[in-house]
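A.B. asks: Have a look at this prediction, sequence included:
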Amino acid sequence: MATTTATLLDTTFKKEVFEGLSAFPKYLSSKYFYDKKGDKLFQEIMAMPEYYLTECEFQILSSHTETIGELFRDRENGLDLIELGAGDGKKTKVLLKYMAENNFNFIYKPIDISENAVEMLSNNLAEEMPALNVDAEVGEYFEVLERLKGFNKRKKVIMVLGSNIGNLKHPKAIEFLTQLKDVMLRDDLLFMGFDQKKNPQSILNAYNDKSGITAAFNKNILTRINRELEGNFDIEKFTHWESYNPETGTAKSFLVANEAMQVTIEKLQLTVNFDQWETIHTEISQKYDDKTVQWLAEKSGLEIETSFTDEKEYYKNYAFRK
Ligand code: AVJ
């Protein structure tokens with residue numbers, strides 16, 4: 001008896017892989033990079049010299065710790081610090097330490113799509129900063145937003161670091177920012193990192209490192225499909241390809257099929273045909289300038305309060321109010 005699609009595609013992952021690989025041109029969502037192996041590869045990416053983003057944001061948070069911390073502070077009632085896409089928390093710890101050492105009354109709520117990352121971060125914080133009040137959660141951005149409405153008793157600061165917003169095309173970014181605005185009250189802050197437009201070669205290098213870590217990261221989505229959905233992708237037959245359009249500021253990642261092939265994904269009851277040189281689009285990493293961030297803010301009903309940048313002006317963190 002034929003299985004109905006409803007039971008066949010019973011998770012978002014299955015549904016989206018089915019849709020993306022049945023579409024033309026083919027695509028997969030970068031949010032599926034982050035399983036245990038993907039988290040590890042992303043850690044390695046953040047440590048690569050080519051991937052300047054992490055170092056720049058770390059520099060910003062380290063050199064403006066006090067100003068940023070005091071921007072967050074509410075002396076009367078304290079605050080809830082909510083971080084979306086917390087990852088390993090390395091950069092956030094700079095702020096957490098300042099807040100802990102300067103009598104801030106606050107709880108830290110890290111949220112991440114990776115169960116593994118959330119668990120590692122919670123354990124790490126319990127060890128390194130045992131006095132810290134941590135309430136971690138696993139979830140996707142758009143899912144957890146609803147639940148943030150419950151955090152209304154005192155000031156909230158919502159933090160999204162790492163230029164994670166760059167994975168969203170502008171219309172989706174506006175939707176995301178608007179939803180954040182909707183859960184914010186008058187005195188709440190949104191503190192967000194935006195990777196800036198810069199010389200195009202530096203951007204290309206950041207997503208096309210010589211050591212092949214980014215390539216492995218990109219291909220990990222196929223490995224994940226093989227393992228979780230019983231696919232038979234031959235990973236070797238795909239090439240990681242990066243492009244950057246300096247006009248739009250969009251960096252795009254692809255997996256290119258080196259030869260014609262047929263792939264079967266058992267759990268989706270799906271056969272996928274690839275022509276030689278056919279692509280799967282896997283990620284966008286949008287780069288910004290002040291004008292674009294200003295425009296996104298306006299479209300979302302937010303106002304830029306202030307911003308912070310690094311020495312090279314490669315990266316910026318903006319504080320928004322509604
Ligand atoms: C975590 C989404 C910000 O787009 O720069 C790194 C992910 N992809 N190298 C980015 C990523 C390839 C990263 N973000």
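C.D. replies: Thanks, I have the structure now.
A.B. asks: what sits opposite the residue in the stretch 151-300 of the chain positioned nearest to the ligand in the beta ladder?
C.D. replies: Residue nearest to the ligand within the stretch 151-300 of the chain: Ser285 (3.3 Å; Cβ to the nearest ligand atom). In this view, the C-beta of every residue, glycine as well, is placed from N, C-alpha and C. The residues listed as beta-bridge partners of Ser285 by DSSP bridges are Ala251.
A.B. asks: Distance-wise, check it relative to Phe217.
C.D. replies: From Ser285 over to Phe217 the distance is 12 Å, taken as Cβ to Cβ, to the nearest Å.
A.B. asks: neighbour count winner among those two?
C.D. replies: With neighbours defined as other Cβ atoms under 10 Å, Ser285 and Phe217 compare such that Phe217 has more, 25 against 21.
A.B. asks: Got phi/psi on Phe58?
C.D. replies: Phi and psi for Phe58, reported as degrees, to the nearest 10, are phi -60, psi -40.
A.B. asks: just how off-centre is the longest helix along the chain within its chain?
C.D. replies: Ranked by residue count, the top helix of the chain under DSSP state H comes out as helix 213-229. Relative to the centre of its chain, helix 213-229 is centred 17 Å away, using Cα atoms, centre = their mean, to the nearest Å.
A.B. asks: ok, and does the very next helix or strand once past that helix reach over to the ligand?
C.D. replies: The helix or strand immediately downstream of helix 213-229 is strand 238-245, counting by DSSP states H and E. No: for strand 238-245, no contact with the ligand is found by Cβ under 6 Å from any ligand atom; the gap never falls below 8.6 Å.
A.B. asks: what's strand 238-245 packed up against?
C.D. replies: The contact analysis (3 or more Cβ pairs under 8 Å, 6 or more residues apart in numbering; DSSP states H and E) places strand 238-245 against helix 200-206, helix 213-229, strand 250-257.
A.B. asks: any idea of the angle the second one forms with strand 250-257?
C.D. replies: In this case it means helix 213-229. For helix 213-229 against strand 250-257, the angle by axes from the mean of the first three to the mean of the last three Cα atoms, to 10 degrees is 60 degrees.
A.B. asks: Report all helices and strands that helix 213-229 contacts.
C.D. replies: Counting contacts by 3+ Cβ pairs under 8 Å, 6+ apart, helix 213-229 is packed against helix 12-22, helix 36-46, strand 238-245, strand 250-257, strand 279-286.
A.B. asks: Pull out the buried positions in it.
C.D. replies: Residues 213-226, 228-229 are the ones in helix 213-229 that count as buried (16 or more other Cβ atoms under 10 Å).
A.B. asks: repeat for stretch 121-133
C.D. replies: Buried residues in stretch 121-133, counted by 16+ other Cβ under 10 Å: Leu121, Ser122, Leu125, Met129, Leu132.
A.B. asks: of all those residues, which comes closest to the ligand?
C.D. replies: Nearest to the ligand among those is Leu121, at 15.1 Å by Cβ to the nearest ligand atom.
A.B. asks: pLDDT averaged over the helix or strand where the closest one lies, what's the number?
C.D. replies: Assessed by DSSP H and E, Leu121 sits inside helix 115-128. For helix 115-128, the mean per-residue pLDDT is 93.
A.B. asks: OK, contacts around the residue in the stretch 1-150 of the chain positioned nearest to the ligand?
C.D. replies: Here the stretch 1-150 of the chain gets closest to the ligand at one residue, Ile45, 4.9 Å apart by Cβ to the nearest ligand atom. Counting by Cβ atoms under 8 Å, 6 or more residues apart in numbering, Ile45 touches Tyr51, Asp209, Ile213, Thr214, Phe217.
A.B. asks: How many residues are close by Asn152?
C.D. replies: Look at Asn152: counted by other Cβ under 10 Å, it has 12 neighbours.
A.B. asks: distance of the residue nearest to it when sequence neighbours are not counted from Ile158?
C.D. replies: Nearest non-adjacent residue to Asn152, counting by Cβ to Cβ, 6 or more residues apart in numbering: Leu185, 6.6 Å away. Counting by Cβ to Cβ, the separation of Leu185 from Ile158 is 11 Å.
A.B. asks: Sheet-wise, list the partners of the host helix or strand of Ala319 with their directions.
C.D. replies: Ala319 is part of strand 315-321 when elements are defined by DSSP H and E. Counting by DSSP bridges, the strands paired with strand 315-321 are strand 189-195 (antiparallel), strand 303-309 (antiparallel).
A.B. asks: Quick check: residues of the stretch 51-200 of the chain near the ligand?
C.D. replies: With Cβ under 6 Å from any ligand atom as the criterion, the stretch 51-200 of the chain meets the ligand at residues Leu53, Gly162, Ser163, Asn164, Gly166, Asn167.
A.B. asks: So the second one sits against Gly87, correct?
C.D. replies: This points to Gly162. Yes: using Cβ atoms under 8 Å, Gly162 is in contact with Gly87, at 6.7 Å.
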